[in-house]
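**Q** here is the input, now give the coordinates:
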Amino acid sequence: MRQKEKDSATQRVPPGQVLTAKFPVLTYGPVPAVDLSQWRFTFWGLIAEGRVQITWEQFRALPQSQVQADFHCVTRWSRLDNLWQGVLFRDLVKLVTPLPEVRYVMVHCLGGYSTNLPLAALLDDDVLLAHSHDGATLSPDHGWPLRLIVPKRYAWKSAKWVDGLEFMAQDAKGFWERYGYHNDGDPWREERFS
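**A** All right, here's what the predicted structure looks like:
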């Protein structure tokens, strides 16, 4: 890497992070077994429709997008220029009608994991539910069949094995937030822990 490219890359790394070309696997609990014929993505909470479910085939029929983004883990590594493919959150949420009082979303995952985010953060143009990374289908260790990608937050907010969204008026803590992780997780502010 030439010095100018190295300097540019360094400017994209938040404080306290180090660059890696690898993509480490960090997971709480076992990797869930998924049968796509039985898999359902569920929307519930404060939506006009009450509860909506879609199948894997319906999810894959939605408009597909690509996002190139950096990925910052709270354990202090960053991987630049990841290419994710999937469905933008803003396209996915068009399947339901959030009520006017919705301000937050709890992201639910297979295996009992969850993470909370403001609806406004999820509506950013770089947030998507990804099924592929760098041109290949996600491996089960990295969240197959579906992983949320929220580039402006630490990676625990980019939850693996996502299977549902709960729309809420009030914030509530997700899995790691209940164990002392910061509620927002902004890597540029080093919001690692509460």
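
**Q** confirm that D70 sits in a strand.
**A** Yes - per DSSP: H, G, I helix; E, B strand; the rest coil, D70 lies within a strand segment.

**Q** surely it and K152 touch.
**A** No - between D70 and K152 there is no contact under C-beta atoms under 8 Å: 9.5 Å. Heads up, the C-betas are built off the backbone N, CA and C, glycines and all.

**Q** so where do the helices sit in this protein?
**A** 3-11, 56-60, 89-92, 119-122, 175-178 (DSSP state H).

**Q** pipe these into JSON lines and attach mean pLDDT per row.
**A** JSON lines is the format used below for the helices of the chain (pLDDT from 0 to 100):
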{"stretch": "helix 3-11", "mean pLDDT": "68"}
{"stretch": "helix 56-60", "mean pLDDT": "98"}
{"stretch": "helix 89-92", "mean pLDDT": "98"}
{"stretch": "helix 119-122", "mean pLDDT": "98"}
{"stretch": "helix 175-178", "mean pLDDT": "96"}
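
**Q** export these to a markdown table and tack on mean neighbour count and distance to W44?
**A** Output for the helices of the chain, formatted as a markdown table (neighbours: other C-beta atoms under 10 Å; distance: least, C-beta to C-beta, whole Å):
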| stretch | mean neighbour count | distance to W44 |
| --- | --- | --- |
| helix 3-11 | 10 | 41 |
| helix 56-60 | 15 | 16 |
| helix 89-92 | 19 | 14 |
| helix 119-122 | 16 | 15 |
| helix 175-178 | 18 | 18 |
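
**Q** out of these, which is closest to A33?
**A** helix 56-60 (14.5 Å; C-beta to C-beta).

**Q** buried residues, stretch 103-115. List them.
**A** Neighbour-count burial for stretch 103-115, counted by 16 or more other C-beta atoms under 10 Å, picks out Y104, V105, M106, V107, H108, C109, L110, Y113, S114, T115.

**Q** stretch 45-64 too?
**A** With burial defined by 16+ other C-beta under 10 Å, the residues of stretch 45-64 counted as buried are G45, L46, I47, V52, I54, W56, F59, L62.

**Q** check stretch 24-37 too.
**A** Result for stretch 24-37 [16+ other C-beta under 10 Å]: buried residues V31, P32, V34.

**Q** span of that stretch from start to end?
**A** End-to-end span of stretch 24-37 (C-alpha to C-alpha, to the nearest Å): 29 Å.

**Q** thinking again about what came up before, can you list the buried residues of stretch 45-64 in CSV and add distance to A169?
**A** Listed next are those as CSV, based on distance: C-beta to C-beta, whole Å:
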residue, distance to A169
G45, 9
L46, 6
I47, 12
V52, 19
I54, 24
W56, 30
F59, 26
L62, 26
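
**Q** between those, which sits nearest L129?
**A** Distances from L129 to these, taken by C-beta to C-beta, are shortest for F59, at 7.9 Å.

**Q** which ones are touching the closest one?
**A** F41, V87, L129, L146 (C-beta atoms under 8 Å, 6 or more residues apart in numbering).
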